[in-house]
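Chemist: Next comes the sequence, and after it the predicted model I'd like to discuss.
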Amino acid sequence: MSKETHTEQTQNARTQTASDPLGIRGYDFIEFYVGSAKMVAFWFARALGLDVTAYAGPETGIRDRISYYLTSNRLKFVITSAVQPSNYEVTGFVQKHGDGVKRWAVEVDSVEEAFRYATGHGAVMVTRPHRIEDARGYVDEAAIRLYDDTELVYVNRDHYNQSLRPGYCKPIQDIEFQHEETHLVQVDHIVGNVRENEMNLWADYFNQTMAFETFIDFKAGDIGTKYSALLSKVVRSHGSKIRNPINEPFAGLKKSQIEEYIEHYQGSGVQHIAIATDNIIKSIAALRKNGVEFLSVPDTYYDALRQRPDLKIKEDIAELQKYGILCDIEGTGYLLQLFTKPIGDRPTFFFEFIQRQGGSQGFGKGNFQALFESIELDQKLRGNLDREYQPNMPPCW
Ligand SMILES: [Fe+2]
């Protein structure tokens with residue numbers, strides 16, 4: 001690093017220290033480890049409408065793995081799989097957890113400063129600050145531990161404007177995807193599912209090591225149906241650039257969706273990523289056309305929504321109903337949201353699509369009842385609602 005650059009970065013970091021000691025600018029990339037990157041990347045491109053913008057693999061000097069880099073506006077996803085069994089970091093993850101989120105990154109003013117603050121306040125180190133460079137420039141990265149096998153990465157790419165990082169090149173594959181425009185803009189929040197009694201531990205971890213604060217605390221009875229329940233805390237960074245709900249199961253008559261996740265993921269990890277859209281009606285219409293599968297909402301949900309005295313929304317409820325979009329009103333604002341079914345084979349990771357109107361800050365608490373009932377129907381079909389596996393066994397055709 002040149003002396004000039006170092007001074008610039010240090011000054012940036014110092015300026016940031018007054019408000020946020022980590023100098024967090026926002027979400028950066030999210031990396032999934034999967035069984036077959038080529039096929040999962042195809043789904044992300046074809047179904048979510050993302051562009052395959054870069055590729056890394058044996059042809060680009062990386063021998064043991066393949067990664068596709070997909071983007072749309074400020075969304076950045078990396079899909080990675082192993083091409084050699086000796087790459088146990090990837091194969092071991094997928095064998096245990098199935099396809100899932102290995103790491104998510106936040107962009108910071110200075111990786112070194114952010115890492116020093118976090119580890120100095122108790123964060124578990126995974127990767128020390130290091131520089132990845134080529135002739136075009138460099139990217140700084142470091143990582144700390146999160147949940148069981150997940151990592152939180154600090155990244156700064158001020159000195160690299162080519163794709164994700166050195167090692168990635170233009171896709172060598174002849175990929176041209178026909179898909180509907182999906183209007184996806186950026187990550188809104190990332191949610192973790194953890195075991196019973198782990199929620200406070202991880203909320204405290206964020207608050208202590210990254211100077212976050214807990215700003216929503218859903219207690220027993222706030223979220224759940226008569227069958228299944230959960231506890232949830234939402235932590236956020238300075239200025240709310242990063243919002244991270246953490247769920248843990250709570251005792252209910254039957255097995256909660258969080259318990260089902262923990263069993264199938266074999267531990268704690270990322271449950272869902274909420275993607276902000278600038279037009280949720282167009283987004284859901286396009287995503288449905290692209291073949292994305294969503295949780296279903298009963299018509300009675302919209303009958304109840306129409307009866308609400310505080311209902312002041314710009315969108316036509318008939319259109320929301322047509323596409324199955326949920327609406328939660330909070331104060332002067334409201335949010336529109338919808339959840340996919342799990343995107344892989346295991347009932348673990350799924351996506352949420354969200355549009356916030358009028359400064360809405362919530363997560364759809366008013367929709368939890370309808371949502372949980374819909375999830376319970378799917379859990380029942382999988383035989384996972386009761387504590388003992390109860391196969392549904394419908395006539396197959
Ligand atoms: Fe969410």
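Modeler: In hand now; what should we look at?
Chemist: Could you give the number of residues near Ile216?
Modeler: 16 (other CB atoms under 10 Å). From N, CA and C alone the C-beta is placed, and that goes for glycine too.
Chemist: before we move on, what about Trp397?
Modeler: Taking other CB under 10 Å as the criterion, the count of residues near Trp397 is 3.
Chemist: again with Asn87
Modeler: Other residues within reach of Asn87, judged by other CB under 10 Å, total 16.
Chemist: residues contacting the residue nearest to it when sequence neighbours are not counted?
Modeler: For Asn87, ignoring the flanking residues on the chain, the nearest one in space by CB to CB, 6 or more residues apart in numbering is Asp64 at 4.1 Å. Going by CB atoms under 8 Å, 6 or more residues apart in numbering, Asp64 touches 82-84, 86-87.
Chemist: and of the residues you listed, the nearest to the ion?
Modeler: Lowest distance from the ion to these (CB to the ion) belongs to Ala82, with 30.0 Å.
Chemist: so the closest one bridges to which residues?
Modeler: Ala82 has these beta-bridge partners by DSSP bridges: Arg65.
Chemist: Next up, the contacts around it.
Modeler: 64-65, 89-91, 94.
Chemist: Could you rerun that using 6 Å?
Modeler: By CB atoms under 6 Å, 6 or more residues apart in numbering, Ala82 lies in contact with 65, 90-91.
Chemist: Check Arg165 too.
Modeler: Applying CB under 6 Å, 6+ apart to Arg165 gives the contacts 132, 139.
Chemist: Is it in a helix, a strand, or coil?
Modeler: The three-state label given to Arg165 by DSSP: H, G, I helix; E, B strand; the rest coil is coil.
Chemist: what about the stretch 1-150 of the chain, any weak spots by pLDDT?
Modeler: With pLDDT under 70 as the threshold, the stretch 1-150 of the chain has low-confidence stretches at 1-18.
Chemist: The same query, at a cut-off of 90, please.
Modeler: Residues of the stretch 1-150 of the chain meeting the criterion pLDDT under 90: 1-19, 61, 85-86.
Chemist: quick one: the strands in it?
Modeler: Per DSSP state E, counting those that start in this stretch, the stretch 1-150 of the chain carries strands over the ranges 24-33, 51-56, 65-72, 75-82, 100-108, 125-134, 137-146, 150-156.
Chemist: Tell me which of the ones you listed lies nearest to Glu263.
Modeler: strand 100-108 (14.0 Å; CB to CB).
Chemist: now that closest one and strand 150-156, what's the angle there?
Modeler: 30 degrees (axes from the mean of the first three to the mean of the last three CA atoms, to 10 degrees).
Chemist: elements contacting strand 100-108?
Modeler: strand 24-33, strand 150-156 (3 or more CB pairs under 6 Å, 6 or more residues apart in numbering; DSSP states H and E).
Chemist: Give me the mean pLDDT for stretch 304-314.
Modeler: Mean pLDDT, stretch 304-314: 85.
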